[in-house]
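Visitor: need a 3D model of the sequence below.
(2 chains)
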Number of protein chains: 2
Amino acid sequence: MLPTITAFEASPDRGRGLARDMPVRWAFEEVGVPYDVRLVSFEAMKQPPHIALQPFGQIPTYEAGDLALFESGAIVLHIAERHPGLLPADADARSRAIAWMFSAVATVEPPIVEREQAILTERDKPWHGERLPMLGARIAKRLPALAARLGESDWLDGDFSAGDLMMVSTLRRPAAAEALNGFGNLAAYVARAEARPAFQRAFAAQRAVFEAAQRG
Amino acid sequence: MLPTITAFEASPDRGRGLARDMPVRWAFEEVGVPYDVRLVSFEAMKQPPHIALQPFGQIPTYEAGDLALFESGAIVLHIAERHPGLLPADADARSRAIAWMFSAVATVEPPIVEREQAILTERDKPWHGERLPMLGARIAKRLPALAARLGESDWLDGDFSAGDLMMVSTLRRPAAAEALNGFGNLAAYVARAEARPAFQRAFAAQRAVFEAAQRG
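Guide: Numbering: from 1, shown residues only, chains lettered A, B, ... in the order given. Reported below is the predicted structural model:
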């Protein structure tokens, strides 16, 4: 029995690798562990069997044997702890990689998602035009610090790690793209990650779901 | 040499235990590990020595020997992995506790912080009155799911864990208080956590910093 994750049956991102199954697929590919995917509809995500796996009715979930997990960051960490390739062997370096995972989801990502939400839900509000640059500025506030820390390095702390995987997953969100324009080293960092064979395989796998759905 | 964390010299929360050093202090108290605190001014937080520890110029940081960490979630996890008391011994239960940590910072907290930000930075904007209930609704959207999962249990998954510590730290934020009113079991969950002797000791320690500053 392979570990099984859930993904959108019809992803709102239209196969651009922006749904939350993408970092989990990417992690599996980095460590070379095969996995199964169970596609779920928006309707099924809100029903008791899925809520038992994911209390907030979201994807992805992870099931292996008796264990069920949710939260992409937690699933990536679980995979990274059990298979070599995503966390350094040195204990201190390992804790620093995990700090970058938390930094991605708790510090860098929230203003990016806030901007996405505004574009989705407040586009028709009279204040949208004035607020949008404010939201861009909030994203941009984080990026100089991240760009300064990355500097000319390939990755945030030594070799590529689960910290980079989560940070790049955050920076790839379209709402970050405009702010990223001003930081060549961060744009190169994202491109470097996207060029990894494991990323490419994960991207192709989620893309195939969208393309199959398009064919009907 | 004790592990050393940083905290605000003059916390904007005025000693209410809402700054990010609070979950780290609480974790130390739960596992019974003594720690030192170095207070930093807003000015010092933006200077190179602090930026070397915390790239975004925030608190808390954690230093022990050659290791420096940032992100309260990552610091709490680092402490929890090294001392008994905050993570279950069973490997599956341990991964589930970590999933709740990520859930707290990545899913439950962002709309709460968004509401805080709006109150702080958009109070004088013409749209504030219309947006505030929208932001409250976004917080409230997460809470029925969390309340349903908690049910009549004391903690989210078995014994008190680092997952509860991070979730309660999120739910204690004042911007969540109004939404919490409708969920008696979540309010009781927060109160149960705040009654823990370790929470009380951590709260008193951060409160003492504020009171000493008041005395001048």
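
Visitor: the helices in chain A, which residues?
Guide: Assigned by DSSP state H, chain A shows helices spanning A:21-31, A:42-45, A:48-53, A:72-82, A:91-102, A:109-121, A:128-150, A:162-171, A:174-180, A:184-194, A:197-215.

Visitor: so A:Ile51 sits right up against A:Ala68, yeah?
Guide: No. A:Ile51 lies out of contact with A:Ala68 (C-beta atoms under 8 Å); the separation is 11.5 Å. The C-beta positions use only the backbone N, C-alpha and C, and glycine is treated the same way.

Visitor: got a list of what the spatially most central residue of chain A touches?
Guide: Taking C-alpha atoms, centre = their mean as the criterion, A:Ser169 is the residue nearest the geometric centre of chain A, at 3.7 Å. The neighbourhood of A:Ser169, defined by C-beta atoms under 8 Å, 6 or more residues apart in numbering or on different chains, consists of A:Met22, A:Pro23, A:Trp26, A:Ser72, A:Ala104.

Visitor: and stretch A:68-87 with chain B, contact?
Guide: Yes. Between stretch A:68-87 and chain B, judged by C-beta under 8 Å from any C-beta of the partner chain, the touching residues are A:Ala68, A:Leu69, A:Phe70, A:Glu71, A:Ser72, A:Gly73, A:Ala74, A:Ile75, A:Leu77, A:His78.

Visitor: domain assignment for chain A?
Guide: The record assigns chain A these domain ranges, following automatic domain parsing: A:4-85+A:198-215, A:91-196.

Visitor: state the mean pLDDT of the last one.
Guide: Averaged over domain A:91-196, pLDDT sits at 94.

Visitor: gap between the two ends of that domain?
Guide: Criterion C-alpha to C-alpha, to the nearest Å; first-to-last residue distance in domain A:91-196 is 25 Å.

Visitor: next one: the shortest one
Guide: Taking C-alpha to C-alpha, domain A:4-85+A:198-215 runs 24 Å from one end to the other.

Visitor: please apply the same query to stretch A:55-71.
Guide: Stretch A:55-71 stretches 10 Å from its first residue to its last (C-alpha to C-alpha).

Visitor: which parts of it are buried?
Guide: Residues of stretch A:55-71 classed as buried: A:55-56, A:58-64, A:68-71 (neighbour count, 16 or more other C-beta atoms under 10 Å in any protein chain shown).

Visitor: just to revisit the earlier point, need the domains of chain A in a markdown table (columns: distance to B:Leu132).
Guide: What follows is the domains of chain A, written out as a markdown table (distance: least, C-beta to C-beta, whole Å):
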| stretch | distance to B:Leu132 |
| --- | --- |
| domain A:4-85+A:198-215 | 23 |
| domain A:91-196 | 12 |
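
Visitor: figure out which of these is closest to B:Glu30.
Guide: Shortest distance between B:Glu30 and the domains of chain A, using C-beta to C-beta, is found for domain A:91-196: 18.4 Å.

Visitor: quick one: the closest one to chain centroid distance?
Guide: Relative to its parent chain, domain A:91-196 has a centroid offset of 11 Å by C-alpha atoms, centre = their mean, to the nearest Å.
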